[in-house]
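Chemist: Let's see this in three dimensions:
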Amino acid sequence: MRHIHKAIALTDRSSVGEARRSAISVATILGFDEGRRNDIGIAATEAANNVILHANSGELLICFSGEEGSWLLDLTAIDSGPGISDISRAMEDGFSTIGTAGQGLGALGRLSDLSSVYSVPEKGTVNWCRFSLRRNAPPVPVGVISVPVKGETVCGDGFFMQRGERHSIYVVVDGLGHGSGASEAADEALSVVRASAHASAVEILQRTHDALKKTRGAAMSLAIVDHEKRILTYAGVGNIGAVLSTGTVSRSLISQNGTLGAILPRVQEYSLPIERSTLLLMFSDGLTSKTGISAYSGMQGRHPAVIAGVLYRDFSRKRDDTSILVARMGDEFK
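Modeler: The predicted structure is shown next:
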């Protein structure tokens with residue numbers, strides 16, 4: 001299932017059709033009914049058209065999260081074009097700066113369960129919308145992007161999250177290299193995490209290391225949240241980046257050198273307090289080590305999915321699989 005995440009390059013009008021077909025294909029696999037698939041197809045078309053018409057090129061990311069029966073499908077259109085100077089005006093039906101019908105941004109808001117636009121003049125736009133398989137599902141303050149490097153059909157990265165009233169866990173894994181071998185390592189790691197989700201961080205990493213000895217190995221980090229104590233415990237091995245951000249202060253979380261399945265150091269856990277405004281950012285090395293949101297005005301208050309889209313656009317190396325997980329700690333089971 002995790003290999004149906006897609007990044008569609010938007011380069012000309014023909015890529016709009018590819019974006020629509022890909023979005024409908026993913027929606028079909030996830031179990032959306034025909035009416036919702038039509039809505040998703042229209043949203044993908046409008047989002048892709050907006051990129052082509054206003055910015056000439058960009059990408060449409062088609063990613064999902066959640067679990068069987070309650071999938072969340074995200075469409076995120078990104079570009080580095082001229083941006084939108086007046087977003088509220090652009091959302092009005094009939095408004096257009098280039099003589100089109102002007103239905104694009106307004107249509108995304110009407111058709112989807114949740115949507116948002118982040119745009120800075122001369123910097124570009126991130127246009128995001130979410131479709132929930134389960135009607136009237138409560139909002140989920142998490143955003144995830146996980147896509148393969150160009151030229152690969154499977155992603156060697158992966159993620160896992162399990163959210164509960166007392167205990168939540170967030171994981172990002174990066175199989176060594178990319179392609180099928182990296183994907184097999186990531187799959188094996190995630191299967192161990194699912195079976196061990198209520199163990200300690202150290203135990204999960206040890207079990208994953210043992211299971212990955214038959215694979216090429218992987219980097220993996222995990223954050224475990226105790227909601228009652230408002231404590232986040234973090235541990236990682238390999239080059240997974242992680243940051244805790246409260247808006248005014250960002251703190252990098254340290255992973256130890258090594259490769260699960262090959263070299264396991266003495267794993268250390270770090271426990272940190274979290275506030276209502278705390279954001280957790282986790283990302284594979286498909287993004288640069290300088291990844292962060294401190295330079296973006298107002299970004300702390302944006303939906304995590306929008307934040308993930310901005311980070312992907314501005315920090316992606318474009319030469320490896322890329323996974324980003326952004327979660328807002330303060331909105332967890334208030």
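
Chemist: What sits closest to Leu253 if chain neighbours are left out?
Modeler: In space, and not counting its chain neighbours, Leu253 is closest to Ala242: 3.9 Å by Cβ to Cβ, 6 or more residues apart in numbering. Yep, even glycine has a C-beta here, placed from its N, CA and C like the rest.

Chemist: Pretty sure Asp285 sits against Asp174.
Modeler: Yes - counting by Cβ atoms under 8 Å, Asp174 is a contact partner of Asp285 at 6.5 Å.

Chemist: Return every residue with contacts to both of these two.
Modeler: Here Asp285 and Asp174 have 219, 239-240 as joint contacts, going by Cβ atoms under 8 Å, 6 or more residues apart in numbering.

Chemist: List the buried residues in the helix or strand hosting Val117.
Modeler: Per DSSP states H and E, Val117 falls inside strand 114-120. Within strand 114-120, the residues that qualify as buried by neighbour count (16 or more other Cβ atoms under 10 Å) are 114-119.

Chemist: which among these gets closest to Ala43?
Modeler: Ser115 (8.6 Å; Cβ to Cβ).

Chemist: Tell me who's in contact with the closest one.
Modeler: 108-109, 127-130.

Chemist: just to revisit the earlier point, Asp285 and Asp174: which has the busier surroundings?
Modeler: Taking other Cβ atoms under 10 Å, Asp285 and Asp174 do not tie; Asp174 has more neighbours (31 against 19).

Chemist: if I pick the residue lying closest to that one once chain neighbours are set aside, what's in contact with it?
Modeler: Spatial nearest neighbour of Asp174, excluding adjacent residues (Cβ to Cβ, 6+ apart): Ser284 at 4.2 Å. Neighbouring residues of Ser284 by Cβ under 8 Å, 6+ apart: 157, 172, 174, 219, 239-241, 320-324.

Chemist: and the gap between Ser284 and Gly83?
Modeler: 28 Å (Cβ to Cβ, to the nearest Å).

Chemist: dump the residue contacts of Leu281.
Modeler: By Cβ under 8 Å, 6+ apart, the contact set of Leu281 is 241-245, 291-293, 307, 311, 324-326.

Chemist: And Gly58, by the same measure?
Modeler: Contact partners of Gly58, counting by Cβ under 8 Å, 6+ apart, are 10, 51-52, 77-81, 124.

Chemist: could you redo the last one with a cut-off of 6 Å?
Modeler: By Cβ atoms under 6 Å, 6 or more residues apart in numbering, the contact set of Gly58 is 10, 51, 78-79.

Chemist: Next: Tyr312.
Modeler: Tyr312 touches 145, 324, counting by Cβ under 6 Å, 6+ apart.

Chemist: what pLDDT does the residue nearest the centre of the chain get?
Modeler: Residue closest to the mean C-alpha point of the chain, counted by Cα atoms, centre = their mean, is Val144 at 1.8 Å. Val144 is assigned a pLDDT of 97 by the prediction.

Chemist: Repeat that for Gly99.
Modeler: Reading off the model, Gly99 has pLDDT 43.
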